[in-house]
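Participant: 3D, please:
(chains A and B)
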2 protein chains.
Amino acid sequence: MAATRASGTNAVRYGTMRDAVLGLTAVLADGSVITTGGRARKSSAGYDLTRLLIGSEGTLGVITGLTLKLYGIPETILSAVCPFASIQGACNATIAALQMGLPLARIELADEVQIRACNAYSHLALPEMPTLFLEFHGTAASAREQVEAFAEIARAEGGGEFDWAERQEDRTRLWQARHDAYWAARALKPGAEVLSTDVCVPISSLAACVGETRQDIDRLGLLAPIVGHVGDGNFHVLPLIDPSDPEERGKVQDFLDRLIDRALGFGGTCTGEHGVGQGKIRYLAQEHGPGIEVMAAIKKALDPLNILNPGKIFALA
Amino acid sequence: MAATRASGTNAVRYGTMRDAVLGLTAVLADGSVITTGGRARKSSAGYDLTRLLIGSEGTLGVITGLTLKLYGIPETILSAVCPFASIQGACNATIAALQMGLPLARIELADEVQIRACNAYSHLALPEMPTLFLEFHGTAASAREQVEAFAEIARAEGGGEFDWAERQEDRTRLWQARHDAYWAARALKPGAEVLSTDVCVPISSLAACVGETRQDIDRLGLLAPIVGHVGDGNFHVLPLIDPSDPEERGKVQDFLDRLIDRALGFGGTCTGEHGVGQGKIRYLAQEHGPGIEVMAAIKKALDPLNILNPGKIFALA
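Facilitator: Numbering: from 1, shown residues only, chains lettered A, B, ... in the order given. Sure thing, here's the model as predicted:
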């Protein structure tokens, strides 16, 4: 990814991390070592084992090497921050920018709860409103043109003061809240357990899905910031749970079930980034139907003794 | 892909065709119907069956539906054509443009033999030199900026007259030769068999691989135009074979073996687009080593009776 990739954010313009993997080396259950893909940008030479292994969560092989696509550092990088009157407005601005083909390098959402957490944690004074953090790459002229186009979209969607900068130190300052988001969320409720989950929906359904999720959190009285890689239609919810309160834990489980129902209802997925592990096994049948049996057949063919990360992705009989 | 996609050309900026597939429906060997992926831009929910099925050449399932990413028509499209003193120069210009991050929408190479074929077939008067056909997408200002940046690169690499246009009819005229390339190649030697093959190499090795391939063709005295989706490091060679000349056929087979050795030697693949079928089965072990056994294990697990397109990709025992 670009050398400017910020921790935990997504570079929309360059595709997802898995898109950046050209090939890999892995050790399989029988001890054989395979090298998949290569350094060419495309291949049609047999099955795509690279993509099969990526995201298989160690259940098909242990990845010991990766070949990644790299991108040069752009001539000009501009960063921007813009608060919105509503979370739907922030999402609608994202949708509009993507649909008009604006080449966003990064676009990240933090909701008002997350901004409140960031103000406290990082000693900032941002308006406590849903906020988009953006980055634009290009030549001096084209990056400037992108910023201006986005500012116009933001105004139309209830955006407030649109702040942007080019110098590295100013860009870091603008993005400070986003960089510290995870730790800031944790600090909102000391002693709480943080359950970090994510879903991903089609871009066109982002505003509806995020909006309904925020309403559900408020209705249940949960403390749960939302942080989104909205350029991908992907967002995280971080419920903070009091470990000594079983009722709250039950509420969070109900919330998670509804979150995933909602994402799947919009044609999305139960996880955009985090993976299945054990916690999302129960949702896979709902998302994939008979596709699960195909996945299990592949697992059994490549790891008949179930020695590779057993119990993850599916509970094999 | 963008509505402006020209037949048989590649839209570098938007990734490969397989990158555009978000999900699919397929009928498997046991008659079950699976739907993979979805409308979200990313997912980590289990194995990537979408990418496993794409490029499996019908050996794992019959694809009956696809969900594709779409891109809007850009505000401005500029097309350009530029001849080069050498094929290496044309390739080096491509490499330089990609390495500086110029967002090329399309960049296609036709060598001097192909241009000669196009002049004859499409009644054109292009200089019979290796030629790049380009397309730039963006706002009016950014597309113009891209054209100017490329023109400068081309001059540094021995590029001749750089012709560009914006109006649809002028763009079609500039790209006429590229659009007719396949039929023009066929017409070079009436009655000949056309063997269309392709390889793909890392961008940085493109000039060396294409250059050595052109030399090998000339050394053998074959008639074989080269047409490249050079933005992907992918190029096609189209040897025209006299069906009544077994010696020529033998020469072409030697040429193909060396072409693939060369591509693999550069870290590339024996096929970027065309696939394996039967003709490239012999090269897969060389490219993938023990990965072939993993592919075969998946095939056997999902199609134990070998009823789906048997004999393609690998000759199962």
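Participant: Tell me where the stretch 1-150 of chain A has helices.
Facilitator: All helices of the stretch 1-150 of chain A, identified by DSSP state H, counting those that start in this stretch, fall at A:49-53, A:87-99, A:112-122, A:140-156.
Participant: Which of the ones you listed has the highest mean neighbour count?
Facilitator: Comparing the helices of the stretch 1-150 of chain A by mean neighbour count (mean count of other C-beta atoms under 10 Å in any protein chain shown), helix A:49-53 comes out on top with a mean of 24. For the C-beta atoms, the positions are set from N, CA and C on the backbone; glycine is no exception.
Participant: That helix packs against which elements?
Facilitator: strand A:21-28, strand A:33-37, helix B:49-53, helix B:291-302 (3 or more C-beta pairs under 8 Å, 6 or more residues apart in numbering or on different chains; DSSP states H and E).
Participant: what sits up against that helix?
Facilitator: Applying C-beta atoms under 8 Å, 6 or more residues apart in numbering or on different chains, the contact partners of helix A:49-53 are A:18, A:21-24, A:26, A:34, A:36-37, A:60-61, A:63, A:298, B:47-48, B:51-52, B:291, B:294-295, B:298.
Participant: again, 6 Å this time
Facilitator: Here helix A:49-53 makes contact (C-beta atoms under 6 Å, 6 or more residues apart in numbering or on different chains) with A:Gly23, A:Leu24, A:Ala26, A:Thr36, A:Gly37, A:Leu60, A:Gly61, B:Asp48, B:Arg51, B:Leu52, B:Gly291.
Participant: what do you get for stretch A:294-313?
Facilitator: Residues outside stretch A:294-313 that contact it (C-beta under 6 Å, 6+ apart) are A:29, A:57-60, A:276-277, A:314, A:316, B:34, B:46-47, B:297-298, B:301.
Participant: Check those residues and tell me the two furthest apart.
Facilitator: Using C-beta to C-beta, the contacts of stretch A:294-313 span at most 25.2 Å, a distance reached by A:Gly277 and B:Ala297.
Participant: Can you list the buried residues in the lengthiest helix in chain A?
Facilitator: As assigned by DSSP state H, the longest helix anywhere in chain A is helix A:246-265. Neighbour counts over helix A:246-265 (16 or more other C-beta atoms under 10 Å in any protein chain shown) mark A:Glu248, A:Arg249, A:Lys251, A:Val252, A:Phe255, A:Leu256, A:Leu259, A:Ile260, A:Arg262, A:Ala263, A:Leu264 as buried.
Participant: got those as CSV, with distance to chain B columns?
Facilitator: Compiled in CSV, the buried residues of helix A:246-265 are given as follows (distance: C-beta to the nearest C-beta, whole Å):
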residue, distance to chain B
A:Glu248, 27
A:Arg249, 24
A:Lys251, 24
A:Val252, 20
A:Phe255, 19
A:Leu256, 14
A:Leu259, 14
A:Ile260, 10
A:Arg262, 13
A:Ala263, 8
A:Leu264, 8
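Participant: Same list, those, but as a markdown table with distance to B:Arg41 and pLDDT please.
Facilitator: Shown next, in a markdown table, are the buried residues of helix A:246-265 (distance: C-beta to C-beta, whole Å; pLDDT from 0 to 100):
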| residue | distance to B:Arg41 | pLDDT |
| --- | --- | --- |
| A:Glu248 | 33 | 95 |
| A:Arg249 | 32 | 94 |
| A:Lys251 | 30 | 96 |
| A:Val252 | 27 | 97 |
| A:Phe255 | 24 | 98 |
| A:Leu256 | 22 | 97 |
| A:Leu259 | 18 | 98 |
| A:Ile260 | 17 | 98 |
| A:Arg262 | 17 | 98 |
| A:Ala263 | 13 | 98 |
| A:Leu264 | 15 | 97 |
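Participant: And the residues you listed, which is closest to B:Ala80?
Facilitator: Nearest to B:Ala80 among those: A:Ala263, at 43.6 Å, using C-beta to C-beta.
Participant: Let me know whether the closest one touches A:Pro202 as I believe.
Facilitator: No. Contact between A:Ala263 and A:Pro202 fails when scored by C-beta atoms under 6 Å: they sit 9.9 Å apart.
Participant: how does chain A divide up, domain by domain?
Facilitator: Per the record, chain A has its domains at A:12-68, A:76-184, by automatic domain parsing.
Participant: Output those domains as TSV; include the columns distance to A:Ile226.
Facilitator: TSV is the format used below for the domains of chain A (distance: least, C-beta to C-beta, whole Å):
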stretch	distance to A:Ile226
domain A:12-68	18
domain A:76-184	4
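Participant: For the stretch 51-200 of chain A, what lies in contact range of chain B?
Facilitator: Residues of the stretch 51-200 of chain A found near chain B (C-beta under 6 Å from any C-beta of the partner chain) are A:Arg51, A:Leu52, A:Gly55, A:Ser56, A:Gly72, A:Gly101, A:Thr139, A:Ala141, A:Ser142, A:Glu145, A:Cys200.
Participant: one step back: redo the helices of the stretch 1-150 of chain A as a markdown table? Include mean pLDDT and distance to B:Asn309.
Facilitator: Listed next are the helices of the stretch 1-150 of chain A as a markdown table, based on pLDDT from 0 to 100; distance: least, C-beta to C-beta, whole Å:
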| stretch | mean pLDDT | distance to B:Asn309 |
| --- | --- | --- |
| helix A:49-53 | 98 | 19 |
| helix A:87-99 | 96 | 38 |
| helix A:112-122 | 96 | 51 |
| helix A:140-156 | 96 | 46 |
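Participant: Turn those into CSV, including distance to B:Ile77.
Facilitator: Below are the helices of the stretch 1-150 of chain A laid out as CSV (distance: least, C-beta to C-beta, whole Å):
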stretch, distance to B:Ile77
helix A:49-53, 31
helix A:87-99, 18
helix A:112-122, 40
helix A:140-156, 16
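Participant: Looking at these, which is nearest to A:His179?
Facilitator: The nearest among these, by C-beta to C-beta, is helix A:112-122 at 8.3 Å.
Participant: So which elements touch that closest one?
Facilitator: If you count contacts as 3 or more C-beta pairs under 6 Å, 6 or more residues apart in numbering or on different chains; DSSP states H and E, helix A:112-122 packs onto helix A:168-179, helix A:181-187.
Participant: Buried deepest among those helices, which one?
Facilitator: Mean neighbours per residue, mean count of other C-beta under 10 Å, is largest over these for helix A:181-187, with a mean of 20.
Participant: Indicate each strand paired with the helix or strand that that helix is followed by and its parallel or antiparallel sense.
Facilitator: Sequence-wise, the next helix or strand downstream of helix A:181-187 (DSSP states H and E) is strand A:193-194. The pairing partners recorded for strand A:193-194 under DSSP bridges are strand A:240-241 (antiparallel).
Participant: Run the chain-centre distance for the partner strand.
Facilitator: The chain centroid and the centroid of strand A:240-241 are separated by 20 Å, computed with C-alpha atoms, centre = their mean, to the nearest Å.
Participant: tell me the mean pLDDT over it?
Facilitator: The pLDDT scores in strand A:240-241 average 96.
Participant: before we move on, what about stretch A:227-237?
Facilitator: Across stretch A:227-237, the average pLDDT comes to 96.
Participant: start to end distance for that stretch?
Facilitator: 7 Å (C-alpha to C-alpha, to the nearest Å).
Participant: circling back: let me have the helices and strands packed on helix A:112-122 in JSON lines, extended by mean pLDDT.
Facilitator: As requested, the helices and strands packed on helix A:112-122 are exported to JSON lines (pLDDT from 0 to 100):
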{"stretch": "helix A:168-179", "mean pLDDT": "93"}
{"stretch": "helix A:181-187", "mean pLDDT": "95"}
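Participant: need the ones you listed in JSON lines with distance to B:Asp163, can you?
Facilitator: Converted to JSON lines, the helices and strands packed on helix A:112-122 look like this (distance: least, C-beta to C-beta, whole Å):
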{"stretch": "helix A:168-179", "distance to B:Asp163": "40"}
{"stretch": "helix A:181-187", "distance to B:Asp163": "50"}
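Participant: Give the ranges of residues in the stretch 1-150 of chain A that sit below the confidence cut-off.
Facilitator: By pLDDT under 70, the weakly predicted segments of the stretch 1-150 of chain A are A:1-9.
Participant: Thank you, goodbye.
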